[in-house]
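Trainee: Fold the following, please.
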Amino acid sequence: MARSGLGCDAFNGIEQRGSGMWRKPRRTAVGGPVWRICGLAVVLALTLSASALAAGKAVNIASPLDIQPPGPSVAVDSTGNAIIGWANDKDVGGAPDLVQYCVLPVGATTCSHSGTLATAGSTNHVDAVRVLSDGSTLVILADVFGVSGQTPADYQPVQEWQSTDGGATWAQQANGFSVSNGILGGDTVPVGGVILPGTGELGFGWVTASGPPTFNAFPLANAPECSTVACGTGFATLQPSTDADQLGNPPGNFASISAGANGGVMGVWDTAETTGPLGCPDTFGDAFVYGSGNQSTSNDYNVSPGQPDTAWRVPVTQADCNLEYTAVGGGPSGFGVLADDLANKTVVYHRFDAATDKFDTPLTTVNGTAGELYPAVNQDGAGGVYATYLLGGSLGKVELSYSADGGKTWAGAGLDSDSGGKINDIESSVNGGGQGWLAWFSNGSVFAQSFKATDAIAPASVGGGATSNGSAVTVSVTCSAFPCTVTITLTAPGPGSVSGHTAAVAAKKGKAKTVTLGKGKFSITKKGAKKLAVKLSRAGKRFLASKKGHVKISGVFSETVQKHTTQTKRTLTLKLPKRKAKK
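Mentor: As a prediction, this is how the structure comes out:
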């Protein structure tokens, strides 16, 4: 079935979402949201960059002719490799849309594996691509339509490929027939795919204009055909038809917790209603749907909420008002939503309470300086939470925030300055070991950048001067986030040390003499510069007693925030107290 209304013109206004299929809309002054989506004209097909790469720097992995929204999708396998996929819809010479991919190891400058996957059934259009990593199996899901041939409906709407050799080769599943379906009408569009709780189960979600969202569960291995012509599993409708205001097709995303006591699925969408069950006094807010437990015939994600044997615990329900640009993620710390707080112009995180099936926990501030765009939120195997977003929206910088305590406190730092102001469609993913990857689209190219939790911990700021009262040395230190622990070690050239070339030679031979003036450990709980007094050692007191005026000393400042430590080395000018004149 060719879906009318799914062309570029029909989506005049959608932006794409980092952790889901569709990006948050721009808001209009009156009349609600305007959804906009369209490809960007770019350069030539799948050209790899050979530029040098330092670990954690952005890499240009490809320059497709045209990339279909919602931009690149990224997953991270157990070894830390990024698997990135996207839809190229330039249609050179009348060719159909293409599914393209790249496998990028940490520290690499080019893809270790890359290529193009042809869709089955002579598909004309690839609407969106989603990449998943399920143990040793990599999955690419592509929403397709416009299939020609004898049985076009068998190949729509989702085709699947799998790789069991790290992305070197890919096999199309179900003979190219569709593996998932949630189509209610010609204006149904994809939201995203997830790995379901249990063993070897996947899921895919959808939204429909003026209607409810839908969700389909299907097996990882030997998935049966679930197409627009036949679907033996069926799919769940996630909002009651009795609701006065149906969710419609706003941007949204799904996330899952595939293992552990918190296993489940959550979908989150932005809302723009003033009345009804999804209404907010200020218009803007977010709604969610929640299911829990392993996929089975008695706990089935293909059964609608409220029906016997359903896995869905909460149908589409309003979560918060005055939030937008939402993204959901889950892991050992449970589910949580990252959002732009409109009232305070900040980035916030809201933890879901699985004991009550509600968002009844307090909002926590992720970044208090500005709002965000293109949000994504993930967790590692220890429950550390990673949030990526474009801080301040368009023309802002790419920011990474990290929480080691399940989203209660946060630290953050910039990953990319976005100096050209052209970064779009950011998505990120993190594996169980804490290796993260970003992928985005910018100026006609697909970029990727690796990160870890430590990249969210900016080094402490240290003043260039220090003072001493004869028993301690006082320095000024400002932590990047709070609470923090700062460990300071102060040293100075010892007696007999030399300067210039001779000193350099002595240092290389390990013969340079230094005096440890003192060490100290401090806990800081409040913002602002703090004066920290490091108690002098005996050797430090003797050394400083022999000096007067100003002395150059060295300091090593180790800052621990969110259970991760960064180190700063500084040369300080120490002002010594004036000696009393002898009588």
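Trainee: doesn't residue 289 make contact with residue 267?
Mentor: Yes. Counting by CB atoms under 8 Å, residue 289 is a contact partner of residue 267 at 4.6 Å. (Glycine included, C-beta is placed from N, CA and C.)
Trainee: Now for these two: what residues contact both?
Mentor: Jointly contacting residue 267 and residue 289 under the rule CB atoms under 8 Å, 6 or more residues apart in numbering are 213, 215, 238.
Trainee: Inside strands: which ones of the residues you listed?
Mentor: residue 215 (DSSP state E).
Trainee: Can you lay out the shared contacts of residue 267 and residue 289 as a markdown table showing pLDDT and distance to residue 524?
Mentor: Formatted as a markdown table, the shared contacts of residue 267 and residue 289 follow (pLDDT from 0 to 100; distance: CB to CB, whole Å):
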| residue | pLDDT | distance to residue 524 |
| --- | --- | --- |
| 213 | 98 | 46 |
| 215 | 98 | 46 |
| 238 | 98 | 46 |
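Trainee: Quick one: which of the shared contacts of residue 267 and residue 289 is the most crowded by neighbours?
Mentor: residue 213 (29 neighbours; other CB atoms under 10 Å).
Trainee: Run through the strands of the stretch 301-450 of the chain in chain order.
Mentor: 312-321, 323-329, 336-341, 346-351, 364-367, 372-379, 385-391, 397-403, 411-416, 423-430, 436-442, 445-451 (DSSP state E, counting those that start in this stretch).
Trainee: from the shared contacts of residue 267 and residue 289, which single one is nearest residue 390?
Mentor: residue 213 (25.7 Å; CB to CB).
Trainee: Quick check, that closest one in contact with residue 239.
Mentor: Yes. In this structure residue 213 lies within contact range of residue 239 using CB under 8 Å: 6.5 Å.
Trainee: Would you mind listing the residues touching both of those two?
Mentor: Joint contacts of residue 213 and residue 239 (CB under 8 Å, 6+ apart) are 247, 289, 316.
Trainee: I'd say the second one and residue 312 touch.
Mentor: Looking back up the chat, that one is residue 289. Yes. Using CB under 8 Å, residue 289 is in contact with residue 312, at 6.7 Å.
Trainee: residues shared between the contacts of those two?
Mentor: Joint contacts of residue 289 and residue 312 (CB under 8 Å, 6+ apart) are 238, 305.
Trainee: which stretches of the stretch 101-250 of the chain have low pLDDT?
Mentor: Regions of the stretch 101-250 of the chain meeting the criterion pLDDT under 70 cover residues 149-150.
Trainee: wait, what's in contact with residue 287?
Mentor: By CB under 8 Å, 6+ apart, the neighbours of residue 287 are 247, 268-269, 271, 278, 316-319.
Trainee: element containing it, please.
Mentor: Using DSSP states H and E, residue 287 sits in strand 284-292.
Trainee: Neighbouring strands of that strand in the sheet, and parallel or not?
Mentor: strand 264-272 (antiparallel), strand 312-321 (antiparallel) (DSSP bridges).
Trainee: and it, average pLDDT?
Mentor: For strand 284-292, mean pLDDT is 97.
Trainee: Am I right that residue 297 is in contact with residue 308?
Mentor: No. Using CB under 8 Å, residue 297 is not in contact with residue 308; the gap is 11.0 Å.
Trainee: what residues do the two have in common as contacts?
Mentor: The contact sets of residue 297 and residue 308 do not overlap (CB under 8 Å, 6+ apart).
Trainee: State the three-state secondary structure for the nearest residue to residue 123 once chain neighbours are set aside.
Mentor: Excluding its sequence neighbours, the residue lying closest to residue 123 (CB to CB, 6 or more residues apart in numbering) is residue 144, at 4.4 Å. At residue 144 the chain is in strand, as set by DSSP: H, G, I helix; E, B strand; the rest coil.
Trainee: Was I right to think residue 144 contacts residue 128?
Mentor: No. The pair residue 144 / residue 128 is not scored as a contact, 9.4 Å apart, by CB under 8 Å.
Trainee: coming back round to it: partner residues bridging the residue nearest to residue 123?
Mentor: Beta bridges link residue 144 to residue 126, judged by DSSP bridges.
Trainee: Who are the contact partners of it?
Mentor: Applying CB under 8 Å, 6+ apart, the residues near residue 144 are 97, 119, 123, 125-127, 155-159.
Trainee: Contacts for the strand or helix carrying residue 100, please.
Mentor: According to DSSP H and E, residue 100 maps onto strand 98-104. With contacts defined as CB under 8 Å, 6+ apart, strand 98-104 is touched by 46, 59, 61-62, 64, 81-89, 110-119, 126, 129, 131, 140, 142, 161, 166-168, 170, 437, 446, 448.
Trainee: Neighbours of residue 276, how many?
Mentor: 12.
Trainee: Look up how far residue 575 lies from residue 461.
Mentor: Distance of residue 461 to residue 575, computed by CB to CB, to the nearest Å: 20 Å.
Trainee: and the angle for the strand holding residue 100 with strand 445-451?
Mentor: 30 degrees (axes from the mean of the first three to the mean of the last three CA atoms, to 10 degrees).
Trainee: Name every strand pairing with strand 98-104 and say which way it goes.
Mentor: Strand 98-104 has its sheet partners listed here by DSSP bridges as strand 82-88 (antiparallel), strand 113-117 (antiparallel).
Trainee: quick one: the helices in the stretch 451-583 of the chain?
Mentor: Taking DSSP state H, counting those that start in this stretch, the helices of the stretch 451-583 of the chain run over residues 500-508, 538-545.
Trainee: Go through those and find the least confident stretch.
Mentor: helix 500-508 has the lowest average pLDDT among the helices of the stretch 451-583 of the chain, namely a mean of 49.
Trainee: Same list (the strands paired with strand 98-104) but as TSV, adding mean neighbour count.
Mentor: Converted to TSV, those look like this (neighbours: other CB atoms under 10 Å):
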stretch	mean neighbour count
strand 82-88	28
strand 113-117	16
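Trainee: Take those and lay them out in CSV including distance to residue 472.
Mentor: Formatted as CSV, the strands paired with strand 98-104 follow (distance: least, CB to CB, whole Å):
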stretch, distance to residue 472
strand 82-88, 49
strand 113-117, 58
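Trainee: wait, which of the ones you listed is closest to residue 556?
Mentor: Using CB to CB, the strands paired with strand 98-104 put strand 82-88 closest to residue 556, at 33.8 Å.
Trainee: how far out from the middle of the chain is the closest one?
Mentor: 16 Å (CA atoms, centre = their mean, to the nearest Å).
Trainee: average pLDDT for it?
Mentor: 95.
Trainee: and if you look at stretch 413-421?
Mentor: pLDDT averaged over stretch 413-421 gives 86.
Trainee: how far does that stretch stretch from start to finish?
Mentor: This stretch, stretch 413-421, spans 18 Å end to end (CA to CA, to the nearest Å).
Trainee: Break this structure down into its structural domains.
Mentor: Following automatic domain parsing, one gets these domains for the chain: 63-177, 461-575.
Trainee: what would the ones you listed look like in JSON lines with distance to residue 392?
Mentor: As requested, these are exported to JSON lines (distance: least, CB to CB, whole Å):
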{"stretch": "domain 63-177", "distance to residue 392": "19"}
{"stretch": "domain 461-575", "distance to residue 392": "18"}
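Trainee: out of those, nearest to residue 422?
Mentor: domain 63-177 (12.7 Å).
Trainee: Distance from the chain centre to the closest one, please.
Mentor: So, by CA atoms, centre = their mean, the centroid of domain 63-177 is 20 Å from its chain's centroid.
Trainee: Same check on stretch 530-548?
Mentor: Between the centre of stretch 530-548 and the centre of its host chain there is 46 Å, according to CA atoms, centre = their mean.
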